[in-house]
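> Here's my sequence, what's the structure:
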Amino acid sequence: MRVAAIQMRSGLHRARNVEDAAALITLAARDGATFILTPEMTNVVDSHPKRLFASLPGEAQLAEVEQFAALADKLGIHLVIGSMALALPEENGLQRAANRSYFFGPDGNIVSR
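Numbers count the residues shown, from 1 in each chain. The predicted structure follows:
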């Protein structure tokens, strides 16, 4: 088994971060990696909470989950997304977020979260 640990610098733009991660994951798979891991906060990093919450959907609407699932399936790899930020339901009027990891199997299905 060949393992790859992706290093990247995520920023404010979720789509760009996913594109960057996908390119690095694809390169690692082409180099023979069958188990690939990305860093924490792969999909977005923002130090401004209001701006971050404005850009975060809940888990059911988080397009990144489907995108990374499709990539794992396409490449036939085990893929661990170190974590992705997502919105949680408000509680007592407070916005909340989660930092959730995902493990996709080579068929694109979520093995664990």
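> Extract the CA atoms of stretch 68-81 and return them as CSV.
Presented in CSV, the C-alpha positions along stretch 68-81 are these (Å, rounded to 0.1, in the frame of the first residue of the first chain):
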residue,chain,number,x,y,z
PHE,A,68,-14.6,14.1,-3.0
ALA,A,69,-16.8,10.9,-3.1
ALA,A,70,-16.8,11.1,-6.9
LEU,A,71,-13.0,11.6,-7.0
ALA,A,72,-12.4,8.6,-4.7
ASP,A,73,-14.6,6.5,-6.9
LYS,A,74,-13.0,7.7,-10.2
LEU,A,75,-9.5,7.1,-8.9
GLY,A,76,-10.3,3.9,-7.0
ILE,A,77,-8.6,5.2,-3.8
HIS,A,78,-9.2,5.3,-0.1
LEU,A,79,-9.5,9.0,0.7
VAL,A,80,-9.5,10.8,4.1
ILE,A,81,-10.5,14.4,4.0
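> hmm, who's touching that stretch?
Residues outside stretch 68-81 that contact it (Cβ atoms under 8 Å, 6 or more residues apart in numbering) are 18, 21-22, 25-26, 29, 33-38, 42-43, 64, 101-111. Yep, even glycine has a C-beta here, placed from its N, CA and C like the rest.
> Next: stretch 29-44.
When contacts are defined by Cβ under 8 Å, 6+ apart, stretch 29-44 is touched by residues 1-8, 10-14, 17-18, 21, 24-25, 28, 52, 55-56, 62, 64, 75-85, 99, 106.
> switch the cut-off to 6 Å
Contacts to stretch 29-44, defined as Cβ atoms under 6 Å, 6 or more residues apart in numbering, come from residues 1-6, 10, 14, 17, 21, 25, 28, 64, 75, 77-85.
> Secondary structure class of the residue nearest to I81 when sequence neighbours are not counted, three-state.
Of all residues not flanking I81 in the chain, Y102 sits nearest, at 4.5 Å (Cβ to Cβ, 6 or more residues apart in numbering). Using DSSP: H, G, I helix; E, B strand; the rest coil, the structure places Y102 in strand.
> And A70, by the same measure?
helix.
> how many other residues sit next to it?
Residues contacting A70 under the criterion other Cβ atoms under 10 Å number 13.
> pLDDT-wise, which helix or strand of the chain ranks last?
Using mean pLDDT, DSSP states H and E, the weakest-scoring helix or strand in the chain turns out to be helix 49-55, at a mean of 84.
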